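Participant: Let me see the structure of the following:
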Amino acid sequence: MTDYYKILNIRRDATLDEVRNAYRVLSMSWNPVKNNNSDEAANMFQTVAEAYDVLSTPQYRGIYDLRGSRGLSEENYVLSRTPEKIFSKFFGTSNPFAQVTFSSAFVDEETKRQSNVLSVRTAEAGVVLNCTLEELYCGAQKYANVSTMSLAGEVVEKTILVDVKPGSTNGSTFLYKTVGNHDKGKEPGDVKFTINQLPHSLFEVSGSNLHYKATITLSEAMGNCLIDVPTLDGRGVCVEYGEVIAPNDVKVVAGEGMPNGNGGYGDLIIRFEVTFPKHLELDQKETIRSVLSGKPCKFRWGTQSNKK
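Facilitator: Model prediction:
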């Protein structure tokens, strides 16, 4: 079975940006013209394009993940465009590096027309930057490995120190100017970084608000309890709750969320989960019923009547 994930050298849970980045590097590396139109390069160029077409299309990827290549065949999947058209559409030009010139036998008229349009700047390179929620809260400096193209058409691996600002959000992008792909006669391209927030074990994010689930006992739910909530900067917040807490009750702590970009912070939203004891003695049940009802319990469940 064809393993598209192995072809692109990515994990099975790779994001769309990771799929695109893998295709960017491999399609350039295996471009037939760059490799003297060798049969091996042409075959790999075709295979890489097919892997990208499947894994970047949610419908095809879903079928492939469940049923593999056989499933795609059963659904009559065929590559919808030639590898050259996929390449051209992806880069916005058939010539993302200067010395690679497509022959007339290799491209259609539309691709040749695009290759004659001189752009001011080389196509930018894209990099996914994985960040923890703590790094997005506090800010961080991270080293990122970037694959770019040199003037010689070779893939160059470089390491860039990236400054992640406090309050950066999942999916946000920022550019590092002129450190990307090189093309003859043009200003070097940019590198666009896209933030990918890694899952957190305690918090979920909605806008600038943080959501936290606090699990408390039934005794604590009766009120007058103190709840210690961890924070992303390590301080910790002690929340006092004086009222009776029902399951799924919500407490909002203002200003303890994520930086909002305006010098302030969102809110910390605590949702309570109340755990009930799995077993109570009879006298404990009576006491609870008595307290909740405000009067003594008249019926003892499980006891026998004295009537004869």
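Participant: Can you tell me the SS state at the residue most central in space within the chain?
Facilitator: Taking Cα atoms, centre = their mean, the centroid of the chain lies closest to Asn196, which sits 4.4 Å from it. Under the three-state scheme (DSSP: H, G, I helix; E, B strand; the rest coil), Asn196 adopts strand.
Participant: That one is in contact with Ala14, isn't it?
Facilitator: No. Applying Cβ atoms under 8 Å, one finds Asn196 not in contact with Ala14, separated by 10.7 Å. Just so you know, the C-beta spots here come from the backbone N, C-alpha and C atoms, and that holds for glycine as well.
Participant: Overlap in contacts, the two.
Facilitator: Common neighbours of Asn196 and Ala14, counting by Cβ atoms under 8 Å, 6 or more residues apart in numbering, are absent.
Participant: Read off the pLDDT value for the residue nearest to the centre of the chain.
Facilitator: On pLDDT, Asn196 comes in at 88.
Participant: For burial, what's the neighbour tally of the closest residue to Arg67 other than its chain neighbours?
Facilitator: Distance criterion Cβ to Cβ, 6 or more residues apart in numbering; nearest residue to Arg67, sequence neighbours excluded, is Glu74 at 7.2 Å. By other Cβ atoms under 10 Å, 10 other residues sit near Glu74.
Participant: Glu74 is in contact with Gly68, isn't it?
Facilitator: No. With contact defined as Cβ under 8 Å, Glu74 does not count as touching Gly68 (10.1 Å).
Participant: List the buried residues for the host helix or strand of Ala49?
Facilitator: Using DSSP states H and E, the element containing Ala49 is helix 39-55. Within helix 39-55, the residues that qualify as buried are 41-42, 44-55, counting by 16 or more other Cβ atoms under 10 Å.
Participant: Which elements pack onto it?
Facilitator: helix 4-8, helix 16-29, helix 58-74, helix 83-91 (3 or more Cβ pairs under 8 Å, 6 or more residues apart in numbering; DSSP states H and E).
Participant: Worst mean pLDDT among the ones you listed?
Facilitator: helix 83-91 - the lowest mean pLDDT of the helices and strands packed on helix 39-55, at a mean of 79.
Participant: How far away from the center of its chain is it?
Facilitator: Offset of helix 83-91 from its chain centre (Cα atoms, centre = their mean, to the nearest Å): 25 Å.
Participant: ditto for stretch 196-208
Facilitator: Centre to centre, stretch against its chain (Cα atoms, centre = their mean), the figure for stretch 196-208 is 10 Å.
Participant: how about that stretch: buried residues?
Facilitator: Going by 16+ other Cβ under 10 Å, stretch 196-208 has these buried residues: Gln197, Phe203, Val205, Ser208.
Participant: Give me the spatial nearest neighbour of Phe193, chain neighbours excluded.
Facilitator: Leu129 (4.8 Å).
Participant: For that neighbour, give its distance to Tyr265.
Facilitator: 23 Å (Cβ to Cβ, to the nearest Å).
Participant: repeat for Lys142
Facilitator: Lys142 sits 22 Å away from Tyr265, taking Cβ to Cβ as the criterion.
Participant: more neighbours, the two?
Facilitator: Neighbours were counted for Lys142 and for Tyr265 using other Cβ under 10 Å; Tyr265 has more, 19 against 15.
Participant: Neighbours of Leu210, how many?
Facilitator: If you count neighbours by other Cβ under 10 Å, Leu210 ends up with 26.
Participant: Spit out the contact partners of it.
Facilitator: Phe203, Glu204, Leu232, Glu256, Gly257, Met258, Gly266, Asp267, Leu268, Ile269.
Participant: what mean pLDDT does the one helix or strand it maps to have?
Facilitator: Using DSSP H and E, the element containing Leu210 is strand 209-217. The pLDDT scores in strand 209-217 average 91.
Participant: and the helix holding Ala49, how far out from the chain's middle?
Facilitator: Computed by Cα atoms, centre = their mean, the chain-centroid distance of helix 39-55 equals 25 Å.
Participant: What angle do helix 83-91 and it make with each other?
Facilitator: 60 degrees (axes from the mean of the first three to the mean of the last three Cα atoms, to 10 degrees).
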